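Asker: no sequence for this one, just the structure:
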């Protein structure tokens with residue numbers, strides 16, 4: 001699937017010709033910048049990979065569905081969507097991309113040629129290629145926008161520049177305009193002591209602090225308690241951090257606020273307790289990708305220059321008084337008004353999560369309101385990874401039967417009648433004149449399968465909303481159903 005890459009060499013081009021084109025870092029450019037050539041080249045190369053994958057499978061045997069799905073997600077999709085933030089706004093609805101996605105999805109299990117692409121997408125939990133390109137383009141743009149100096153508005157003469165379009169999408173998806181908490185910095189060895197073992201109370205400490213972060217009703221808060229044993233004073237603090245801040249960020253901010261409070265301390269023994277190991281490991285690491293972690297680390301090092309500072313892990317929810325109080329303060333902080341001027345950089349994870357949720361919402365709406373894919377929409381009314389998870393644990397033969405049953409494109413008489421290969425559609429099992437032989441019929445009201453349904457689903461007439469994909473797979477693999485799926489002549 002791969003070939004040795006050669007060093008890139010820039011060659012001068014004559015752009016006066018209408019057919020002139022150039023390959024720049026894997027992106028094919030032409031004079032009009034419509035990226036038609038780029039899509040054609042990517043589709044051509046991706047198709048070669050798919051044909052190589054098809055050589056490893058046949059109808060009932062071949063590479064395991066899990067590995068075929070892995071090849072699709074890790075080889076086919078990245079190949080197509082490469083640099084999509086540059087060309088996606090113009091070409092993501094190109095029908096060639098939809099066709100190549102369909103070809104890739106059909107390698108996971110044996111399917112009939114008439115199987116709808118939308119049904120394959122839902123079954124394998126593969127986002128429609130136009131939406132996949134858009135999501136990856138937005139993820140890339142928000143990852144690099146703070147690290148790349150933009151020298152123009154991105155709008156262009158025709159108003160369809162990729163930067164302008166991606167900024168518009170950010171506003172539509174309500175992505176925060178602030179900086180993304182994404183840097184790459186190397187740090188020196190920490191000047192404070194870190195202990196990730198079980199808590200050991202240090203009675204000789206002058207100052208002890210407990211920090212915590214929490215999230216309730218989609219609102220994040222953090223809190224801390226600082227006890228000065230020399231003068232017996234106790235300070236508590238809590239804050240609302242909004243809805244876009246993660247719990248990890250809240251843990252870091254709580255430690256950061258404690259260091260601000262103790263910045264004037266001199267020649268003290270200070271222990272800061274936190275029940276978040278990942279936060280302690282992050283601020284004590286020599287490398288970080290977070291600006292928030294970097295700032296907190298610098299404050300801890302400054303505090304440790306004139307004091308003996310220990311950052312100590314404490315187990316959560318085991319009755320430790322200071323930790324329980326900090327946890328209560330963090331939860332109370334979620335109910336406080338959001339303070340103006342306290343802006344926390346949004347994380348890449350939170351941005352990607354917001355984009356993914358919006359894309360899933362759009363995909364679900366489009367799937368629910370389709371006029372076709374009747375059988376597929378009946379068995380898979382909601383988007384879920386469970387269908388793919390169930391299929392990737394089976395052999396190729398069983399996964400193929402499961403897929404054909406779920407989409408309705410199988411050898412049952414209804415589908416064969418639609419193709420014109422059968423003149424009859426009446427169910428061969430129950431022989432009821434008005435019954436049409438299809439997966440939906442044998443699942444809902446075919447009396448012949450009543451006992452089989454009771455055995456698998458616990459009810460002779462189950463509700464589709466109360467069954468799991470594993471149960472549907474088990475039902476599709478039962479012998480009576482297999483006789484219909486394989487079009488075995490019945491006596």
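Answerer: Happy to help now that I have it. Everything quoted here is computed from the prediction, not taken from an experiment.
Asker: Excluding chain neighbours, give the residue nearest to residue 415 in space.
Answerer: residue 409 (5.7 Å; Cβ to Cβ, 6 or more residues apart in numbering). Quick note: C-beta positions are derived from backbone N, CA and C, even for glycine.
Asker: Can you give me the first-to-last residue distance of stretch 413-426?
Answerer: Distance across stretch 413-426, first residue to last, is 7 Å (Cα to Cα, to the nearest Å).
Asker: what does that stretch contact?
Answerer: Defining contact as Cβ atoms under 8 Å, 6 or more residues apart in numbering, one finds that stretch 413-426 is touched by 112, 114, 408-409, 427-428, 432-433, 435-438, 441, 487.
Asker: Select only the buried ones of the residues you listed in ChimeraX?
Answerer: Remark: buried members of the contacts of stretch 413-426, expressed as a ChimeraX selection using 16 or more other Cβ atoms under 10 Å:
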select :112,408,409,427,428,435,437,438,441
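Asker: Kindly indicate which of the contacts of stretch 413-426 lies nearest residue 242.
Answerer: Distance from residue 242 was checked for each of the contacts of stretch 413-426 by Cβ to Cβ. The minimum falls on residue 408, at 46.6 Å.
Asker: picking that back up, can you give me phi and psi for the residue nearest to residue 415?
Answerer: Note on residue 409: its backbone torsions stand at phi -90, psi 90 [degrees, to the nearest 10].
Asker: give me every residue that touches it.
Answerer: Residues near residue 409 by Cβ under 8 Å, 6+ apart: 111-112, 114-116, 119, 375, 415.
Asker: can you rerun that using 7 Å?
Answerer: Shown in contact with residue 409 (Cβ atoms under 7 Å, 6 or more residues apart in numbering): 112, 114-115, 415.
Asker: ditto for residue 112
Answerer: Residue 112 makes contact with 404, 409-410, according to Cβ under 7 Å, 6+ apart.
Asker: and which of the residues you listed is nearest residue 229?
Answerer: Closest to residue 229 out of those is residue 404 (71.7 Å), distances taken as Cβ to Cβ.
Asker: Which helix or strand contains that closest one?
Answerer: Secondary-structure assignment from DSSP states H and E places residue 404 in helix 396-407.
Asker: Quick check: mean pLDDT of that helix?
Answerer: Mean pLDDT, computed over helix 396-407, is 94.
Asker: Quick one: list the elements packing against that helix.
Answerer: On a contact count with 3 or more Cβ pairs under 7 Å, 6 or more residues apart in numbering; DSSP states H and E, helix 396-407 meets helix 117-123, helix 374-379, helix 386-391, helix 469-476, helix 479-485.
Asker: tell me the contacts of the nearest residue to residue 87 once chain neighbours are set aside?
Answerer: Spatial nearest neighbour of residue 87, chain neighbours left out: residue 35 (3.8 Å); criterion: Cβ to Cβ, 6+ apart. Counting by Cβ under 7 Å, 6+ apart, residue 35 touches 87, 90-91.
Asker: Inside helices: which ones of those?
Answerer: Among those, the members found in helices (DSSP state H) are 87, 90-91.
Asker: which among those residues gets closest to residue 284?
Answerer: Closest approach to residue 284 among those (Cβ to Cβ): residue 87, at 42.4 Å.
Asker: picking up where we left off before, which of the contacts of residue 112 lies closest to residue 266?
Answerer: Of all the contacts of residue 112, the one sitting nearest residue 266 is residue 404; the distance, using Cβ to Cβ, is 75.3 Å.
Asker: And for the spatially closest residue to residue 196 that is not a sequence neighbour, the neighbour number?
Answerer: Using Cβ to Cβ, 6+ apart and skipping residues adjacent in sequence, the residue nearest residue 196 is residue 313, 4.8 Å away. Neighbour count of residue 313, defined by other Cβ atoms under 10 Å: 19.
Asker: where does residue 313 fall, phi/psi-wise?
Answerer: Backbone torsions for residue 313, taken as degrees, to the nearest 10, come to phi -80, psi 140.
Asker: quick one: contacts for it?
Answerer: The neighbours of residue 313, taking Cβ under 7 Å, 6+ apart as the test, are 195-196, 274, 277, 280.
Asker: make it 8 Å
Answerer: Shown in contact with residue 313 (Cβ under 8 Å, 6+ apart): 195-197, 199, 273-275, 277, 280.
Asker: Report the beta-bridge partners for it.
Answerer: Applying DSSP bridges to residue 313 yields these beta-bridge partners: residue 274.
Asker: That'll do, ta.
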